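J.: Compute the structure for the input listed below.
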Amino acid sequence: MDLTVLGGGHGAFAAAAALAERGHTVRWWRRDAPALTALRQRGTLGLRDHRGLRQVPVGAAARAGAIRAVPDLAEAVRGARLVVVPLPATAHEELASRVAPLLGDGQVVLLPPGTFGTVVFAKAMAAAGNRADAAFAESGTLPYLARTRGPDEVAVSAYATRLPTGVLPARSAGAAFRVLRQAYPAVEPVGDCLSGALMNAGPVIHPPLLLMNAGPLEHGTSWDLHDEGTQPSVRRVTDTLDAERIAVREALGYGAPHFPLADHYATAGEEWMYGRAAHGKLTGSGDWREPIDLLGHRYMREDTCLGLSFLVSVGRWAGCPTPVARGLLSLASAVTGTDLYARGRTLESLALAGLTRPALKKLLDEGFPV
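T.: Residues are numbered from 1 along each chain as shown. Coordinates of the predicted model:
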């Protein structure tokens, strides 16, 4: 399949390498054009996982099983069956406005995960006056637990074995999943994009890790939050926060499976998004040891500011209390000196809070009118 990866972070490196290795024709665009050019000149991107290190070809020509480095965004997007955007949600608004005019009939845009970014992209497409029949999907996590090791190598600790995914507009889900499964056989339909957004694990895992380890983080030079920071008291908070997420899903009428976060840590029982014992694979790699700036880290800017605010907002709209989510968001606002809810991705900021349930369902089913 002819597909495109947009972005230059860990997830984009993993997506470009893994999808090309599986035989797809991959176009790769990132904002840092010089870095992309340098990688093209080196000629390969290293992919390291449980099978060892392999070199994936990188060049300027399109061919199956290789990555084509494309510096022009329009050239990268136009004609691709699938556009994968493994970028933080903080990048969505700016990128959506640039991608919106370029999309055509039958294309699918995947945001893994999305934090309701499907709505951001669909609104941008409507605002651009683009009437093409494109679909937007978002999953509960990235398809890869991945970290870059320099400018030309990415290490993947685990591949997603289950990817709960929602689609906007929901009427296009059948066609969208036929495209998605060619790249990611692990995708599982969970209904509309709001259901998919409420599968996002980042706002459940990361805010408690940041805020409950704030003192040691500011005192030390580097930490593996998922190892040293995941203590029993933190787990109790994440379990309670995850119960709020599931309660919001149920209040909106979404049924099981809810992919409870407890399964991420378990070695037996129901398989989570990265399979059983996923937490052990993550901490065993050593790739998540890093210096963490509480104010600027992605876990604060994306998962807390955008992700927690979204959960609180949807819970309020659905009449479902989220006291732990609200408390963590208030504490994070005090730590950063910023009203994170006001800056967050909420139904209010998306101009959806005034919709009735039937009106929102219609929008999620049919998409935004142009």
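J.: residues contacting the residue nearest to S309 when sequence neighbours are not counted?
T.: Once flanking residues are discounted, S309 sits nearest to G344: 2.5 Å by CB to CB, 6 or more residues apart in numbering. Placement of C-beta: from N, CA and C, glycine included. Listed by CB atoms under 8 Å, 6 or more residues apart in numbering, the contact partners of G344 are 305-306, 308-310, 313, 329.
J.: ranges for the strands of the stretch 251-370 of the chain?
T.: 289-290 (DSSP state E, counting those that start in this stretch).
J.: what about W29, distance to L168?
T.: 23 Å (CB to CB, to the nearest Å).
J.: Would you mind listing the buried residues in stretch 260-273?
T.: Residues 260-261, 263-265, 272-273 are the ones in stretch 260-273 that count as buried (16 or more other CB atoms under 10 Å).
J.: Could you tell me the per-residue confidence at F13?
T.: With respect to pLDDT, F13 scores 97.
J.: hang on, it in a strand?
T.: No: counting by DSSP: H, G, I helix; E, B strand; the rest coil, F13 is not part of a strand but helix.
J.: ok, A80 - contacts?
T.: Each residue near A80 by CB under 8 Å, 6+ apart is listed here: 2-4, 27, 107.
J.: Looking at the residues you listed, which is nearest R301?
T.: R301 has its nearest neighbour among these in T4, at 25.1 Å by CB to CB.
J.: Nearest residue to A80 in space, please, no chain neighbours.
T.: T4 (4.0 Å).
J.: Next, count neighbours for the one you found.
T.: For T4, the count of nearby residues is 29 (other CB atoms under 10 Å).
J.: Distance from stretch 69-86 to the middle of the chain?
T.: Counting by CA atoms, centre = their mean, to the nearest Å, stretch 69-86 is centred 18 Å from the centre of its parent chain.
J.: Show me what counts as buried in that stretch.
T.: 69-71, 73, 76-77, 80-86.
J.: can you pull the pLDDT of the residue nearest the centre of the chain?
T.: Geometric centre of the chain, nearest residue: P113, 1.9 Å, by CA atoms, centre = their mean. Predicted confidence (pLDDT) for P113: 95.
J.: How about the secondary structure of it?
T.: Following three-state DSSP, P113 is assigned to coil.
J.: ok, for it, nearest residue in space, not its chain neighbours?
T.: If the residues on either side of it in the chain are set aside, P113 comes closest to N200, at 4.4 Å by CB to CB, 6+ apart.
J.: Correct me if wrong: the one you found contacts G114.
T.: Yes: contact criterion CB atoms under 8 Å: N200 and G114 qualify, at 7.2 Å.
J.: got any residues that touch both of the two?
T.: By CB under 8 Å, 6+ apart, the residues touching both N200 and G114 are E138.
J.: Now do the same contact list for R236.
T.: So R236 contacts nothing (CB under 8 Å, 6+ apart).
J.: coming back round to it: among the buried residues of stretch 69-86, which are in helices?
T.: 73, 76-77 (DSSP state H).
J.: So which of the contacts of G344 wins on neighbours?
T.: L308 (30 neighbours).
J.: so how far is G344 from the nearest residue to that one once chain neighbours are set aside?
T.: Distances taken as CB to CB, 6+ apart put L329 closest to L308, at 4.6 Å, once the chain neighbours are dropped. As judged by CB to CB, L329 and G344 stand 8 Å apart.
J.: shared neighbours of the two, anything?
T.: Listed as contacting both L329 and G344 by CB under 8 Å, 6+ apart are 308-309.
J.: Sticking with the residue nearest to A80, tell me its helix or strand.
T.: In the assignment (DSSP states H and E), T4 maps to strand 2-6.
J.: before we move on, the earlier item: so the residue nearest to the centre of the chain touches E138, yeah?
T.: Yes: P113 lies in contact with E138 (CB under 8 Å); the separation is 6.0 Å.
J.: if I look at the two, which residues touch both of them?
T.: 197, 200.
J.: which sections of this protein are below the confidence cut-off?
T.: 277, 280-285, 288 (pLDDT under 70).
J.: rerun that using 80 as the cut-off
T.: Where the chain drops to pLDDT under 80, the residues are 220, 223, 225, 276-289.
J.: Next one: the residue nearest to S309 from L194, what distance?
T.: 16 Å.
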